[in-house]
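J.: I need the structure of the sequence given here:
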Amino acid sequence: MSIGKTKIASGIGLVLALALGPAVWAGDDFAIGSVKVRAGTAASGYLSVPAGKDGGEGGIPFTVLHGAEKGPVLALVAGIHAYEYPPILALYRLKAMLDPRSLRGTLILVHIANMPSFKKRTLYYVPEDWKNLNRVFPGDRAGTMSQRIAAVLNDEVIGRADAVIDMHCGDGCEALIPYTYWMISGRKDLDAKTRELALAFGLPHIIIDDTRGHDLKTSKYCGNTALLRGKLAITTEAGCLGRTDEESVDLNVRGALSVMRHLGLLEGQPEPAAEPVWIDKYEVVNSKWSGVWTPRVPMGAFVREGEIVGAVADYLGTWKEDVRAPFTGILLYVVGTPPCNEGEPLFEVGRVKEK
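T.: This is a model prediction of the structure:
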């Protein structure tokens, strides 16, 4: 797909872009980390993660495509959970296919937010401190590795963006259907815009998520941190089980391009979800045991309250518990591999909102 000669968006896209408010714009240059990018060009580099008391330091690979004209700044963040490969591959594809001269505004691509996990191929956790990066925002530059990474992302990426898409998928153990979290901030003006952003990404299921905290000091999640800072933000989930299949990568590419058109960074009409299924309640069911998990219901299945979703046995194969659906709804994801640990997820159920 060639976008090199696309003209700058106008009409509806322009109105949407202007509705975001003033973009971050420093003359002809866009500065991030130690990199300055001239208008109409692209540049890549690493955001430096400082060394801490635990010693480790590192870098976060990124690319900036700085448009030829002023406009909103959109940050696409992949690899916060670094075993979730389709969003990571999608951002490399976007880097190759987009021409910054065609953009009205600026696109920040965070290719792999969690490099320590990517290198070690770990699920959920940063290997240096065994913390979940998406539970420690807004971070702490003097904290552990996870906290330092979160702080850099908060300062350098969220702080420079007008809109943030935190791009996820099912981790290496999770069989997951594509869906988006529409996080409710309590600000009607902001919530109306993020609702449209969630629709614009185009995934068929949208969770109405009113469970996130409203204190920036304990924001926990990347997307929620952006939201509490007054940015447009959603979290997306497309792909599963550590796969790199073309369908999942393409879902992420198409979603990102649709959002760019929605915000006016690119010419053309977005491709919003045609008939979205709204989820007004969700629950992640965690294991009470460490042992061996056997799911009995596939992802995407409709389950009734009390229905057995799977069973847990100990390491000797002795049955411990049948795990049941807490309420009637769609199985948004189910752990698709045998290991289970006490306190960690087994599946997630979402209740479909009545029309």
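J.: Please name the nearest non-neighbouring residue to residue 193.
T.: Nearest in space to residue 193, with sequence neighbours left out and distances taken as C-beta to C-beta, 6 or more residues apart in numbering, is residue 232 at 5.5 Å. Backbone N, C-alpha and C define where each C-beta goes, glycine included.
J.: bridging residues for the one you found?
T.: For residue 232, the beta-bridge partners under DSSP bridges are residue 163.
J.: Neighbours of it, how many?
T.: Counted by other C-beta atoms under 10 Å, the residues lying close to residue 232 total 24.
J.: That one contacts residue 166, doesn't it?
T.: No. Look at residue 232 against residue 166 with C-beta atoms under 8 Å: they stay out of range, at 11.8 Å.
J.: Now do the shared contacts for these two.
T.: Residues touching both residue 232 and residue 166 by C-beta atoms under 8 Å, 6 or more residues apart in numbering: residue 226.
J.: All the helices of this protein, in order from the start?
T.: Assignment of helices within the chain using DSSP state H yields the ranges 12-19, 85-97, 115-120, 145-152, 188-201, 222-228, 246-263.
J.: To residue 317, which of those lies closest?
T.: For those, proximity to residue 317 was assessed by C-beta to C-beta; helix 115-120 is nearest, at 29.8 Å.
J.: Show me what that closest one is packed against.
T.: In terms of contacts (3 or more C-beta pairs under 8 Å, 6 or more residues apart in numbering; DSSP states H and E), helix 115-120 is packed against strand 58-66, strand 125-126.
J.: which other residues reach that helix?
T.: 56, 58-61, 79, 81-83, 88, 112, 122, 125-128, 133, 145.
J.: Filter these down to just the buried residues.
T.: Buried residues within the contacts of helix 115-120, counting neighbours by 16 or more other C-beta atoms under 10 Å: 56, 58, 60-61, 79, 81-83, 88, 112, 122, 125-128, 133, 145.
J.: about what we covered before: do you know how far the residue nearest to residue 193 is from residue 134?
T.: Distance, residue 232 to residue 134, using C-beta to C-beta, to the nearest Å: 18 Å.
J.: Also residue 109?
T.: Distance, residue 109 to residue 134, by C-beta to C-beta: 18 Å.
J.: ditto for residue 166
T.: In terms of C-beta to C-beta, residue 166 sits 8 Å off from residue 134.
J.: Now list whatever residues contact both of the two.
T.: Shared contacts of residue 166 and residue 134, defined by C-beta under 8 Å, 6+ apart, comprise 80, 221-222.
J.: Pull up the distance across stretch 165-174, start to finish.
T.: With C-alpha to C-alpha, to the nearest Å applied, stretch 165-174 spans 21 Å between its terminal residues.
J.: which residues of the stretch 251-355 of the chain fall in strands?
T.: For the stretch 251-355 of the chain, strands defined by DSSP state E, counting those that start in this stretch occupy the ranges 277-286, 291-295, 302-303, 308-313, 319-324, 329-335, 339-340, 345-352.
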